[in-house]
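In: here you go, sequence then predicted model.
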Amino acid sequence: MALDSGYMVAVQGTLRAGCRAARLELDRRLRTQDCIAPHQEFLGNTHLASADLQVRPVSGKADTKAFIELAYRLNGDDPHWVAPLREEVAATISPKKNGWFSHAEAQLFLAERAGKVVGRISAHIDALALQMPAEQGFGPGTGFWGLFEAEDQAVAAALIAQAESWLRAKGMTKALGPVSLSIWEEPGLLVKGHDHSPTVLMGHHPAHYQGWIEALGYGPAKKLVTYEVDISGEFPPIVQRIVAAGEKNPRIRIREVDKSKFAEEAAIILAILNDAWSDNWGFVPLTQPEVDDVGKKLKPLVFNDLIRIAEYDGEPVAFMVTLPDLNEPLKPLKGSLLPFGWAKLLLWLRRPKARTMRVPLMGVVKRLQSSRMASQLAFMMIEYIRRAAVTRYGGSRGEIGWILEDNQGMVAIADAIESRINREYLIYQKAI
């Protein structure tokens with residue numbers, strides 16, 4: 001129900017009469033517990049929750065299961081949505097299984113109408129994000145919401161209002177979302193690219209969510225993009241010349257990772273990553289507990305020839321991580337390994353064949369980022385991985401990202417290999 005000016009005047013007059021008098025009118029329309037329940041704040045010309053809509057914290061196993069299952073009901077008819085494995089979603093929201101919780105706290109909420117779950121959201125605070133400089137996007141007073149799903153606009157308004165209320169109670173003054181849960185996991189709302197499925201570890205959201213969020217006063221904080229590129233043939237001649245020149249330089253070595261030394265290799269990549277990305281918008285240091293948990297999750301997708309480390313004079317100075325698109329075999333499983341999905345997935349992991357290869361992470365140490373050496377190392381790693389992806393894994397398409405829209409260095413590399421933007425995500429912000 002849209003709020004018109006006459007209705008707002010009536011409500012304001014009722015409120016001035018006191019809580020007791022207000023209850024008579026507000027109970028009929030909003031089903032409040034106090035003057036105004038935290039999730040039922042008035043938000044300009046947005047839709048109010050209907051009388052039987054409630055938003056409450058998740059509590060217990062049944063609520064957790066309902067929180068997880070909602071996404072499958074609301075998105076199941078979208079032919080491009082890839083249902084994540086339920087076990088993976090459960091691990092993401094579990095403080096015991098997600099290392100992000102070592103420096104963060106979260107509250108999950110469910111929206112119910114007439115006893116039926118119709119929405120969900122998380123509100124969360126990252127202690128490391130609070131310590132970052134404000135000019136890099138986060139900093140003091142910054143809270144987040146994410147894991148957002150809503151059946152209609154009224155539900156969306158109630159959920160986001162509840163998340164804002166929780167954040168304000170924790171002393172936050174700005175809300176960013178959706179970020180689910182970490183900036184390193186699934187940040188942003190899909191606003192372009194609804195016509196094809198996401199690659200592994202990327203989000204996919206209904207197009208109408210954009211209007212619902214923007215109607216609540218949220219504006220873009222940052223745009224993230226992914227690029228797709230044809231990898232079936234060689235890259236343009238200029239890239240090949242740069243790669244050939246690098247191959248003649250005895251000081252450069254591009255090597256495969258050694259999966260048998262997984263912890264050591266992960267530590268090298270982590271050190272480069274936290275240095276390379278430290279000045280980027282939205283940067284929050286990736287911690288060892290997160291690396292440990294992500295390592296357990298992604299280790300089956302680690303193949304030596306798809307992850308490269310560049311060394312200069314024997315020192316690791318750059319890396320590139322590429323993953324065969326796990327979403328291709330996952331999509332037919334519809335989020336469950338039973339009854340025979342586990343066998344199909346295990347067989348695929350032993351000898352993966354994937355049309356698409358995703359590059360989720362890439363970095364060059366900060367001291368080299370303004371040099372020609374940085375782009376040369378990047379092109380060499382990209383080319384070596386392209387060759388392996390095509391000849392050994394059946395790859396024909398690459399996806400690079402996400403990338404900050406204004407990351408000029410990465411945009412230049414993407415342009416040089418003749419890739420194009422195929423998906424756009426927005427992280428929104430609002431003063432609360």
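Out: Arrived safely, thanks for sending. Numbers count the residues shown, from 1 in each chain.
In: tell me how far the residue most central in space within the chain lies from Leu273.
Out: Centre of the chain computed as the mean C-alpha position; nearest residue by Cα atoms, centre = their mean is Glu186, 1.0 Å away. From Glu186 across to Leu273, the span is 18 Å (Cβ to Cβ, to the nearest Å). Where you see a C-beta, it was placed from the backbone N, CA and C, and this is true even at glycine.
In: mind listing the helices for the chain?
Out: 5-16, 19-30, 60-75, 86-92, 127-130, 153-169, 209-214, 237-247, 262-276, 288-298, 327-330, 341-350, 372-393, 408-416 (DSSP state H).
In: so which of these is nearest Val359?
Out: helix 372-393 (7.9 Å; Cβ to Cβ).
In: low-confidence ranges, the stretch 1-150 of the chain, go.
Out: 1-51 (pLDDT under 70).
In: re earlier: please name the residues that touch the residue nearest to the centre of the chain.
Out: Residues near Glu186 by Cβ atoms under 8 Å, 6 or more residues apart in numbering: 146, 178-180, 201-203.
In: turn those into TSV, columns for distance to Ala378 and neighbour count.
Out: Below are these laid out as TSV (distance: Cβ to Cβ, whole Å; neighbours: other Cβ atoms under 10 Å):
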residue	distance to Ala378	neighbour count
Gly146	30	24
Pro178	30	28
Val179	27	28
Ser180	29	22
Leu201	21	20
Met202	21	23
Gly203	26	20
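In: any idea which of those is closest to Glu135?
Out: Val179 (18.4 Å).
In: distance check, that closest one against Val294.
Out: 16 Å.
In: Pro300 touches Arg350, doesn't it?
Out: No: with contact defined as Cβ atoms under 8 Å, Pro300 does not reach Arg350; the gap is 9.3 Å.
In: the more surrounded of those two?
Out: Applying other Cβ atoms under 10 Å to Pro300 and Arg350 shows that Pro300 carries more neighbours, namely 14 against 8.
In: the residue lying closest to Trp348 once chain neighbours are set aside and Gly401, how far apart?
Out: Excluding the flanking residues, the one nearest Trp348 by Cβ to Cβ, 6 or more residues apart in numbering is Pro329, at 4.4 Å. According to Cβ to Cβ, Pro329 and Gly401 sit 21 Å apart.
In: can you check Glu290 too?
Out: Using Cβ to Cβ, we find Glu290 at a distance of 20 Å from Gly401.
In: how about Gln153?
Out: As judged by Cβ to Cβ, Gln153 and Gly401 stand 30 Å apart.
In: look at these two and report which has more neighbours.
Out: The residue with more neighbours, out of Gln153 and Gly401, is Gly401; 25 against 18, by other Cβ under 10 Å.
In: the more buried one against Met362, yeah?
Out: No: judged on Cβ under 8 Å, Gly401 makes no contact with Met362 at a distance of 9.7 Å.
In: just the strands in the stretch 51-200 of the chain please.
Out: 53-57, 104-113, 116-126, 142-150, 174-177, 179-180, 186-187, 189-192 (DSSP state E, counting those that start in this stretch).
In: distance to Val82 for these - can I get that in TSV?
Out: Output for the strands of the stretch 51-200 of the chain, formatted as TSV (distance: least, Cβ to Cβ, whole Å):
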stretch	distance to Val82
strand 53-57	28
strand 104-113	22
strand 116-126	19
strand 142-150	15
strand 174-177	22
strand 179-180	15
strand 186-187	12
strand 189-192	12
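In: which one of those lies closest to Trp277?
Out: Distance to Trp277, taken as Cβ to Cβ, is lowest for strand 186-187 among those, at 13.3 Å.
In: on that earlier part again, ok, the residue nearest to the centre of the chain to Arg241 distance?
Out: Separation of Glu186 from Arg241 (Cβ to Cβ) stands at 38 Å.
In: quick check: closest non-adjacent residue to Tyr227.
Out: Distances taken as Cβ to Cβ, 6+ apart put Ser419 closest to Tyr227, at 3.9 Å, once the chain neighbours are dropped.
In: next up, the contacts around that neighbour.
Out: Ser419 touches 227-229, 398, 400, counting by Cβ under 8 Å, 6+ apart.
In: and Gln376, by the same measure?
Out: 242-243, 245-246, 252.
In: how far away is Gln131 from Ile432?
Out: Look at Gln131 and Ile432: by Cβ to Cβ, they are 20 Å apart.
In: what do you get for Pro95?
Out: Applying Cβ to Cβ, the value for Pro95 to Ile432 is 25 Å.
In: so these two - more neighbours on which side?
Out: A side-by-side neighbour count of Pro95 and Ile432, using other Cβ under 10 Å, places Ile432 first with 16 against 12.
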